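Asker: A structural model of the following input is requested.
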Amino acid sequence: MSEKVLITGINGFVGKHLTDYLLDNNYEVAGFDIKDNIENKIISEDIKIYTGDLRDEQEITTVIKNFNPNLIFHLAAQSSVKLSFENPAETISINLIGSLNVLEAISKLQTPAKNSFDNFIGDLWST
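Answerer: The predicted structure follows:
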């Protein structure tokens with residue numbers, strides 16, 4: 001059985017390349033992105049796609065619980081400098097609250113990704 005990987009921001013520049021790499025190396029890949037980034041995109045039929053808003057903790061928690069990934073690459077963000085100046089509150093909300101919700105979901109759930117997260121945090125504090 002292959003390892004399961006969830007990528008938030010799967011349709012971003014890095015997400016697309018990471019997806020190709022993972023599929024080429026026999027990982028089972030799922031992606032999470034906002035609906036606007038998924039519509040009209042050509043996505044491999046080998047990928048399970050979830051849409052939603054990372055600012056909704058229940059949405060990302062449900063996705064992580066249902067897909068039960070071994071690894072999570074959290075790449076989703078509002079990365080436009082122009083938009084960050086035009087709407088700084090929304091940028092902070094997407095980038096900080098969205099990231100917090102991913103970490104909270106991992107922390108609450110007993111998934112393989114939680115074990116990776118716990119090991120990462122443990123390694124961070126032991127250095």
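Asker: C-alpha only now, for contacts and for neighbours.
Answerer: Noted.
Asker: Determine how far the helix or strand hosting residue 66 lies from the middle of the whole chain.
Answerer: Counting by DSSP states H and E, the element that carries residue 66 is helix 57-67. The chain centroid and the centroid of helix 57-67 are separated by 10 Å under Cα atoms, centre = their mean, to the nearest Å.
Asker: repeat for stretch 12-32
Answerer: That offset, for stretch 12-32, works out to 11 Å (Cα atoms, centre = their mean).
Asker: Quick check: buried residues in that stretch?
Answerer: By neighbour count on 16 or more other Cα atoms under 10 Å, the buried set for stretch 12-32 is 12, 15, 18-19, 27-32.
Asker: cool, stretch 89-98 as well?
Answerer: 91, 93-95, 97-98.
Asker: what would the buried residues of stretch 12-32 look like in CSV with secondary structure, pLDDT and distance to residue 111?
Answerer: Output for the buried residues of stretch 12-32, formatted as CSV (DSSP: H, G, I helix; E, B strand; the rest coil; pLDDT from 0 to 100; distance: Cα to Cα, whole Å):
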residue, secondary structure, pLDDT, distance to residue 111
12, coil, 87, 25
15, helix, 90, 22
18, helix, 93, 22
19, helix, 93, 21
27, coil, 94, 17
28, strand, 95, 15
29, strand, 96, 16
30, strand, 95, 15
31, strand, 94, 17
32, strand, 94, 17
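Asker: ok, back up a step: for the helix holding residue 66, name the packing helices and strands.
Answerer: strand 4-8, helix 98-108 (3 or more Cα pairs under 8 Å, 6 or more residues apart in numbering; DSSP states H and E).
Asker: List of residues touching the shortest one?
Answerer: Outside strand 4-8, the residues that touch it by Cα atoms under 8 Å, 6 or more residues apart in numbering are 15, 19, 27-33, 64, 67-76.
Asker: cool, and the longest one?
Answerer: Among residues not part of helix 98-108, those counted as contacts by Cα under 8 Å, 6+ apart are 53-57, 60-61, 64, 74, 77, 113-114, 117.
Asker: how far out from the middle of the chain is that helix?
Answerer: For helix 98-108, the distance to the chain centre is 10 Å (Cα atoms, centre = their mean).
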